[in-house]
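Engineer: Let me see the structure of the following:
(chains A, B and C)
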Amino acid sequence: MYKYDHYDQAIVDARVEEFRDQVRRRIAGDMTEDQFKPLRLMNGLYLQLHAYMLRVAIPYGTLDSRQMRMLAHIARKYDRDYGHFTTRQNIQYNWIKLEDAPDILADLATVEMHAIQTSGNCIRNISSDQYAGAAADEVTDPRPWAELLRQWSTFHPEFSYLPRKFKIAVIASPTDRAAMRLHDIGIEMVERDGQLGGRIFVGGGMGRTPMIAPEIKDFVTSADLLSYLEACLRVYNRHGRRDNIYKARIKILIHELGADEYRRQVEAEFAHVKTLGLDPPAAEYDRIAAFFAAPAFDADAPDAIDRSDPDFALWVDQNVAAHKQPGHAIVTISLKPAGGIPGDASSAQIDLMADLAERYSFDELRVTHAQNIVLPHVRKADLHAIWMALADAGLAEANLDLISDIIACPGLDYCSLANARSIPVAQKIAARFASPERQRDIGELKLKISGCINACGHHHAGHIGILGVDRKGTENYQLLLGGSGAEDASLGKITGPGFDEDGVVDAIERTVEKYRTLRTDGERFLDTYRRVGMDPFKEAIYG
Amino acid sequence: MKILTGNDLKTGAVTWWTGEGWSIHVEDAADVGEHGESIAAAEEGARRVNAPYVIAAQATAEGPRPAHIKDRIRALGPTVRLDLTLKPADPAVGEWVI
Amino acid sequence: MGELRFRDDATHDEPAVTLDSFLDQSNATAVRIEPGDDARALLPHLDRLALIDVSFPKYRDGRGYSSARILREAGFKGELRASGDVLVDQIAFMRRCGFDSFAPDTPLDQAVVAASLARYEHVYQGAADGTVPVWKRRHG
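Structural biologist: Residues are numbered from 1 along each chain as shown, chains lettered A, B, ... in the order given. Here you go, the predicted model:
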């Protein structure tokens, strides 16, 4: 994975000192909160429900054991001994003091980490495929491109006061494991006539008005990629709406202009920007890509797995994916234990995962947008030892992509934007479907919960989605069916009137049972829904 | 009744106006009547509080109970981590918030 | 006044007219553009402009950053001023976008300005100020 050179380190160190000074000036009263707010947001520091909340960047979800241990250290030293992994592959801490924030950033900088642009009206963390470098279906590793984009977007002087936040995802396989089509800009790296380049989608997003990003450019050569993105952002900065915070994302601009007109404006700007010499040379890509070369895999690693322990076998079947290298596998560690809080991990658990990565996965981990952790490069022969260690730590739940592998935003328990609590709903659903056999029988069912319309839980992209709303002062939950964040992207459709907390769990159970009666061989819930439509489910739910 | 709440500038802790100063305990919150906005402005200007706002609350035997669940969660802590609330040992915390 | 200027030439005396007035008038040498104005409307007239004032009514409205870069990219060498709700923590980005003078509503703390401008020795991307981006330093 990427390692800073002295330039990268100098930039992060300067940022720490800059923020230290900004905090000093805020506490001394030289700045009002209104003046300070965008500055602290650009350092990922929110004023939240219980305290300040700090969102630490994990660029394209990749980190090593040293960095993971630092995240555990921050949880212990500055917070309440746990962290929350997010739907953008970052981590956040809920009990931070403003006066500690500069020291936290200084600690992070010692391991090449930061909280730069994890909030604010700027370009956020570039997200990517959690199986990058390990999946057989990728055209190239998308992460060198994500790193190029990270550097390009960091402290970009023209794009730091955009109409609204800006989220970019980069993948390099036809399978979309990063919900790429639901980003402001989604890039699929592809090969055309022996040349590498990007297929560019612009204008996706969730929130109040979810949209799947239309394709704006079918192929930009890799040499022109940054100029093209510069043009996309400039058109947005100049013409994105600034009159209404709920209409300020680029998806609204594209919806209102139409994709063709937006494309035309971008092409005109691109023709100009291309002449400015902004694109780094191929040598810079090569320099970065060298950090992502394949690790020294054991070419003789045995392919056999001893499945005699039935619990281990179940975990292998559910949480272990095929690796492009024979004798190796990709492990997903579920952060959705029964009764737990989706995406949360204690400092002890974080340390354990760091140890496992260092010992068994070439010192590398990934954070997924589904709030789980991946060990990307594991020898099959080591799977059992890993599983035993995970089981000891409460991290061996064999539920990847099953109904209890719920994506949930922090909701009203943690977030001042929320209208309803999301975590208790997730826990009740997991409890209702506690039986592992029942979960496996149901099969793949991606359930996503958001506590408000901002959709940080990605409920529009859930096979089953839940949206928490405030209905005359009480929490109420709307149910959506049929969303998908994969390459078959679709937006969930609302079933009808909402429910209280227990009511929505009952409604989901009726939905799932209906699916079971209607499904044909091999159909997932999503497939059955797409075949039969909403009506049978609506009838089952509301009678 | 109306009470005034905000966050401590340096620590971020949720605080409540007692009539004389700021407390992390909602039981200490005082009825500000119609003076909430002006107290808030003065206190924020002096940086004794950050982002203050006035809320409705019910006077109860245990002290003021904020009208909206969001502020009750702010007052005590997350309902899903009772060990992290201001009253980890109190079995009635869940009832009070929800 | 709190004005800040990074040019050696004399300050321009003539007041800045609005874009509409400028496009009507033949002899104005200073113009002020608002966030919603198209900076490219000035491109045919750059050689008769000594000063372009880019207004920032609200600091969160970042359209002026694009306007500035567009004007410098088109070869404008005159004074490019950021005026209005300009806060000290934006000066560094504004300099990189090509602004060389500032007329903030609220005077800026000069010590903070100086510290801010000296803070970052290195930048990741090319912009209008000519600072060599890191990728270029890496590869000569």
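
Engineer: how about the helices in chain C?
Structural biologist: When assigned using DSSP state H, the helices of chain C occupy the ranges C:19-24, C:63-73, C:91-96, C:110-119, C:134-139.

Engineer: May I have the longest one exported as CSV, CA atoms only?
Structural biologist: Provided in CSV are the C-alpha atoms of helix C:63-73 (Å, rounded to 0.1, in the frame of the first residue of the first chain):
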residue,chain,number,x,y,z
ARG,C,63,-17.7,30.5,-7.2
GLY,C,64,-15.1,33.3,-7.1
TYR,C,65,-12.3,30.8,-6.9
SER,C,66,-13.2,29.4,-10.3
SER,C,67,-13.7,32.9,-11.7
ALA,C,68,-10.2,33.9,-10.6
ARG,C,69,-8.5,30.8,-12.0
ILE,C,70,-10.4,31.2,-15.3
LEU,C,71,-9.2,34.8,-15.6
ARG,C,72,-5.6,33.9,-14.9
GLU,C,73,-5.8,30.9,-17.3
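
Engineer: Tell me the residues of the stretch 351-500 of chain A that contact chain B?
Structural biologist: A:412-414, A:416, A:418, A:421, A:423-424, A:427, A:473, A:475 (C-beta under 8 Å from any C-beta of the partner chain). Yep, even glycine has a C-beta here, placed from its N, CA and C like the rest.

Engineer: same check, this time on the stretch 1-150 of chain A
Structural biologist: The interface of the stretch 1-150 of chain A toward chain B, taken as C-beta under 8 Å from any C-beta, is made up of A:26-27, A:29, A:33, A:47-52, A:80, A:95-99.

Engineer: Can you select the buried ones from those in PyMOL?
Structural biologist: A single PyMOL command selects the buried members of the residues of the stretch 1-150 of chain A next to chain B (16 or more other C-beta atoms under 10 Å in any protein chain shown):
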select buried, chain A and resi 26+47+48+49+50+51+52+80+95+96+97+98+99
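
Engineer: Spatially nearest residue to residue 127 (excluding sequence neighbours)?
Structural biologist: Picked chain A for this. Leaving aside its sequence neighbours, A:Ser127 sits nearest to A:Ala169 (C-beta to C-beta, 6 or more residues apart in numbering or on different chains; 4.6 Å).

Engineer: should've been chain C
Structural biologist: C:Arg96 (4.3 Å).

Engineer: again with A:Leu352
Structural biologist: Counting by C-beta to C-beta, 6+ apart, A:Ala393 is the residue found nearest to A:Leu352 once chain neighbours are left out, at 4.9 Å.

Engineer: how many other residues sit next to that neighbour?
Structural biologist: Summarising burial for A:Ala393: neighbours were counted as other C-beta atoms under 10 Å in any protein chain shown, giving 17.

Engineer: go on, A:Ala290?
Structural biologist: Other residues within reach of A:Ala290, judged by other C-beta under 10 Å, total 10.

Engineer: now the residues of the stretch 351-500 of chain A next to chain B: which count as buried?
Structural biologist: If you count burial by 16+ other C-beta under 10 Å, the buried members of those come out as A:412-414, A:416, A:418, A:421, A:423-424, A:427, A:475.

Engineer: which two from the residues of the stretch 351-500 of chain A next to chain B end up farthest apart in space?
Structural biologist: When C-beta to C-beta is used, the two most widely separated members of these are A:Gln427 and A:Gly473, lying 23.1 Å apart.

Engineer: Smallest gap between chain C and chain B, at which residue?
Structural biologist: In chain C, the residue that lies nearest chain B is C:Thr106 (16.3 Å; C-beta to the nearest C-beta).

Engineer: does A:Asp103 sit in a helix, a strand or a coil?
Structural biologist: Using DSSP: H, G, I helix; E, B strand; the rest coil, the secondary structure recorded for A:Asp103 is helix.

Engineer: How about it, nearest residue that isn't a chain neighbour?
Structural biologist: Looking at A:Asp103 with C-beta to C-beta, 6+ apart, the closest residue is A:Tyr78, at 7.8 Å.

Engineer: Likewise for A:Ala321?
Structural biologist: The spatially closest residue to A:Ala321, leaving aside those adjacent along the chain, is A:Ile330, at 4.3 Å (C-beta to C-beta, 6+ apart).

Engineer: partners of the helix or strand that contains that neighbour in the sheet?
Structural biologist: Secondary structure assigned from DSSP states H and E places A:Ile330 in strand A:328-333. Strand pairing for strand A:328-333, determined by DSSP bridges: strand A:320-322 (antiparallel), strand A:373-379 (antiparallel).

Engineer: Can you classify the closest residue to A:Glu269 other than its chain neighbours as helix, strand or coil?
Structural biologist: Excluding its sequence neighbours, the residue lying closest to A:Glu269 (C-beta to C-beta, 6+ apart) is A:Ala231, at 3.9 Å. Here A:Ala231 is helix, with the state taken from three-state DSSP.

Engineer: same thing with A:Arg15?
Structural biologist: Three-state assignment for A:Arg15 (three-state DSSP): helix.

Engineer: what's near enough to touch it?
Structural biologist: A:43, A:105, A:109, A:114, A:116, A:155 (C-beta atoms under 8 Å, 6 or more residues apart in numbering or on different chains).

Engineer: Can you give the domain ranges for chain A?
Structural biologist: Listed by automatic domain parsing, the domain ranges of chain A are A:6-109, A:134-289, A:310-392, A:407-542.

Engineer: Now tabulate these in TSV and tack on mean pLDDT.
Structural biologist: As requested, the domains of chain A are exported to TSV (pLDDT from 0 to 100):
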stretch	mean pLDDT
domain A:6-109	97
domain A:134-289	97
domain A:310-392	98
domain A:407-542	97
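
Engineer: closest to C:Ala127 out of those?
Structural biologist: Put simply, out of those the one that sits nearest C:Ala127 is domain A:134-289, at 5.1 Å, with distance taken as C-beta to C-beta.

Engineer: and the end-to-end length of that closest one?
Structural biologist: From the first residue to the last, domain A:134-289 extends over 15 Å; the measure is C-alpha to C-alpha, to the nearest Å.

Engineer: repeat for stretch C:12-23
Structural biologist: End-to-end distance for stretch C:12-23, by C-alpha to C-alpha: 19 Å.

Engineer: could I have the longest helix seen in chain B exported to CSV, CA atoms only?
Structural biologist: Counting by DSSP H, the longest helix found in chain B is helix B:36-45. What follows is the C-alpha trace of helix B:36-45 in CSV, where atoms were taken according to Å, rounded to 0.1, in the frame of the first residue of the first chain:
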residue,chain,number,x,y,z
GLY,B,36,-33.5,32.0,26.6
GLU,B,37,-32.4,33.7,23.4
SER,B,38,-30.7,36.6,25.2
ILE,B,39,-29.0,34.4,27.8
ALA,B,40,-27.8,32.2,24.9
ALA,B,41,-26.4,35.1,23.0
ALA,B,42,-24.5,36.5,26.0
GLU,B,43,-23.2,33.1,27.1
GLU,B,44,-22.1,32.2,23.5
GLY,B,45,-20.4,35.6,23.1
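
Engineer: residues in contact with it?
Structural biologist: For helix B:36-45, contacts defined as C-beta under 8 Å, 6+ apart pick out A:33, B:2-4, B:6, B:17, B:22, B:32, B:49-54.

Engineer: any idea which of these is closest to chain C?
Structural biologist: Ranking the contacts of helix B:36-45 by separation from chain C, with C-beta to the nearest C-beta as the measure, puts A:Glu33 on top at 13.2 Å.

Engineer: how much space between the closest one and A:Gly197?
Structural biologist: Noted for A:Glu33: a distance of 45 Å to A:Gly197, by C-beta to C-beta, to the nearest Å.

Engineer: now A:Asp107
Structural biologist: For A:Asp107 relative to A:Gly197 (C-beta to C-beta), the value is 39 Å.

Engineer: of those two, who's got more company?
Structural biologist: A side-by-side neighbour count of A:Asp107 and A:Gly197, using other C-beta under 10 Å, places A:Gly197 first with 22 against 17.

Engineer: For the residue of chain A found nearest chain C, what are phi and psi?
Structural biologist: Scanning chain A for proximity to chain C using C-beta to the nearest C-beta identifies A:Tyr161 as nearest, at 2.6 Å. The main-chain torsion angles of A:Tyr161 are listed as degrees, to the nearest 10 and equal phi -130, psi 60.
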